[in-house]
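**Q** here you go, sequence then predicted model.
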There are 2 protein chains.
Amino acid sequence: MTPELKDALTRSSAEVEAAMDALVPLPQSLEARVYNSMRYSLFAGGKRLRPFLVMASGDLFHVPRENSVRAAAAIEMIHTYSLIHDDLPCMDDDDLRRGKPTNHRQFDEATAVLAGDALQPKAFQTLLDPATDRDPLIRLELARTLADAAGAEGMVGGQMIDLQAETTSYGLDQITRLQNMKTGALIAWSCEAGAILGHATDTERAALRGYGLEVGLAFQIADDILDVEGSPEEMGKATAKDADAGKETFITLMGLDGARKRARELVDSAVARLDLFGQRAFLLKDVAAYVIDRRS
Amino acid sequence: MTPELKDALTRSSAEVEAAMDALVPLPQSLEARVYNSMRYSLFAGGKRLRPFLVMASGDLFHVPRENSVRAAAAIEMIHTYSLIHDDLPCMDDDDLRRGKPTNHRQFDEATAVLAGDALQPKAFQTLLDPATDRDPLIRLELARTLADAAGAEGMVGGQMIDLQAETTSYGLDQITRLQNMKTGALIAWSCEAGAILGHATDTERAALRGYGLEVGLAFQIADDILDVEGSPEEMGKATAKDADAGKETFITLMGLDGARKRARELVDSAVARLDLFGQRAFLLKDVAAYVIDRRS
């Protein structure tokens, strides 16, 4: 990772965490438990890749960070809810996430379901607040596109396909569509959100969206590679689960070398899409390279 | 129930079901299972009280039904998601809902979690679409207030408090707050949505919101009464669960007669709030009486 990227990731992490801390305060009332549970997972660390992408995309258009950080917080809330629900016993049944007990292990299953359920409207509430942008059309567009990305047409639909992967043999096109829905939609939204806040042209917005989808897919392929190569200690969670479950992955379908090559091609293509922004987009170019080479 | 109310309920049910059928179509793709699961619960029947309240409130301001039916569909999606998640084994662990297998019994737990998860963004998507109202400020206001009603400040927070009721002894104020959050928030939103779509004055909007909160609380007290008095066959679900679980309810706190009296007072107060609309509001007055006397 370049020092500039490291600094930028550290800065956007700190900013989004401060924003989330203000947006999800801990009340003194009887429902405090669900806020504790939301906050436990919101502040469980992680790379904060999506918030970084929102803010770096917004920076291309000189979007004030006090505005872009709210869209960044919203996408991190959606991402966090999806992790809480994905870890549930009826889903992936994971006990650890980033080296810490998963939400339902730290609290209980019912609380984990509710914490995820509450993070969704909190994300929409955050986007729809005038503090995100004084132009209501911008707020509407952010919320509308987030609903598309998070729902059955996007992330949830991808998770549904993924759950059936243990009993259905998917081909490469199907795995690609699954991952574009499950992971790509939120990452693409993150990049697009900066463009929406920045009153980007259609061309600029499409370039950032395309970049996000390709980076998202490369990210997922890299995850499959790490799942095979990484140790549980390194990953902070159980590894080789997909292979153990007999699920098709990019590795089983393309081989390790083929998957590495494809991830590299995707990153090259994603980076090329940013050429219209010139040197200004260097952080987004750097992070694209980083997602497939996370150990450096 | 008056014949006019019966006709109006039948009509708004049919309209909201047609709208939901169009808004949540069944795709031919790999994620079809989650749509099947969403549709299973969306079309599992029920009184469609919330859609009726949206549309009857909208009628007071001559809101075109093609607009109000979309807000009605949105609130029914949120209500339906909450039922799916509430029925899960880790929550109320119910096998039957309206005489049919609950979602996770018909599908499986993971699918039920995902169906609920996908209904939330679908509700926001529906409200934020220009077909709901051509004025973006109206769409924004609908979505913003729904996020408040559905989240930890409203329904989910209420459910969190309710889950702790088995181990915590609440007083009347706390049970009232719990129910205002868990049930009242969505019912109040339903009435307020008609006012928002109808460009109501602040006074009119506050009257409808207050009506909704009181009707919601009366509804919940009536539910507690039915839970004690009704048979499982009549209710289409297990009964006397709260009492068996040792939870405080309006009955344990006020006695059966006290609860009946309180429900009646709430309905009288709710109905009085509608006086500013004159005779036009007769259906809303009728339905308020009906919620505490559902066997007639």
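**A** Ah, there it is. What you are looking at is a predicted structure, and each value in this text was computed from that prediction instead of being measured. Numbers count the residues shown, from 1 in each chain, chains lettered A, B, ... in the order given.

**Q** is chain B contacted by stretch A:28-45?
**A** Yes: counting by Cβ under 8 Å from any Cβ of the partner chain, contacts between stretch A:28-45 and chain B involve A:29, A:30, A:31, A:33, A:34, A:35, A:38. No exception for glycine: its C-beta is placed from N, CA and C like everyone else's.

**Q** same thing with stretch A:93-103?
**A** No: contact of stretch A:93-103 with chain B (Cβ under 8 Å from any Cβ) is absent, the minimum separation being 9.9 Å.

**Q** for that stretch, what does the pLDDT average out to?
**A** Stretch A:93-103 shows a mean pLDDT of 96 in the predicted model.

**Q** gap between the two ends of that stretch?
**A** End-to-end distance for stretch A:93-103, by Cα to Cα, to the nearest Å: 11 Å.

**Q** same question for stretch A:17-32.
**A** End-to-end distance for stretch A:17-32, by Cα to Cα: 19 Å.

**Q** contacts for that stretch, please.
**A** The contact list for stretch A:17-32 (Cβ atoms under 8 Å, 6 or more residues apart in numbering or on different chains) reads A:35-36, A:38-39, A:42-43, A:48, A:69-70, A:72-73, A:76-77, A:122, A:126, B:152, B:157-158, B:160-161, B:164, B:168, B:170, B:174, B:177-178, B:181.

**Q** just stretch A:209-224 next, same as before
**A** By Cβ under 8 Å, 6+ apart, the residues outside stretch A:209-224 that reach it are A:49, A:53, A:176, A:179-180, A:182-192, A:195, A:242, A:249-251, A:259, A:262-263, A:266-267, A:269-271, A:273-274, A:284, A:287-288, A:291-294.

**Q** give me the buried positions along it.
**A** Buried positions in stretch A:209-224, judged by neighbour count with 16 or more other Cβ atoms under 10 Å in any protein chain shown: A:209-224.

**Q** now, which of those residues sits nearest residue B:278?
**A** Among those, residue A:209 lies closest to residue B:278 (Cβ to Cβ), at 52.0 Å.

**Q** check the secondary structure at the closest one for me.
**A** Secondary structure state of residue A:209, per DSSP: H, G, I helix; E, B strand; the rest coil, is helix.

**Q** distance of it from chain B?
**A** Distance, residue A:209 to chain B, by Cβ to the nearest Cβ, to the nearest Å: 18 Å.

**Q** quick one: is stretch A:121-138 near chain B?
**A** Yes: among the residues of stretch A:121-138, A:121, A:122, A:124, A:125, A:128, A:129, A:136, A:137 lie within reach of chain B under Cβ under 8 Å from any Cβ.

**Q** which one (most neighbours) among those?
**A** The most crowded member of these, judged by other Cβ atoms under 10 Å in any protein chain shown, is residue A:124 (31 neighbours).

**Q** now that one: closest residue in space that isn't a chain neighbour?
**A** Excluding the flanking residues, the one nearest residue A:124 by Cβ to Cβ, 6 or more residues apart in numbering or on different chains is residue B:147, at 4.5 Å.

**Q** shouldn't that neighbour be in contact with residue A:119?
**A** No: the pair residue B:147 / residue A:119 is not scored as a contact, 11.2 Å apart, by Cβ atoms under 8 Å.

**Q** quick one: least confident helix or strand in chain A?
**A** Across the helices and strands of chain A, mean confidence by mean pLDDT, DSSP states H and E is lowest for helix A:232-235: a mean of 60.

**Q** give me the buried entries from the contacts of stretch A:209-224.
**A** By neighbour count, with 16+ other Cβ under 10 Å, these hold A:49, A:53, A:176, A:179-180, A:182-192, A:195, A:242, A:249-251, A:259, A:262-263, A:266-267, A:270-271, A:273-274, A:284, A:287-288, A:291-292 as buried.

**Q** and those residues, which of them are in helices?
**A** The subset of the buried ones among the contacts of stretch A:209-224 located in helices under the criterion DSSP state H comprises A:49, A:53, A:176, A:179, A:185-192, A:195, A:242, A:250-251, A:259, A:262-263, A:266-267, A:270-271, A:273, A:284, A:287-288, A:291.
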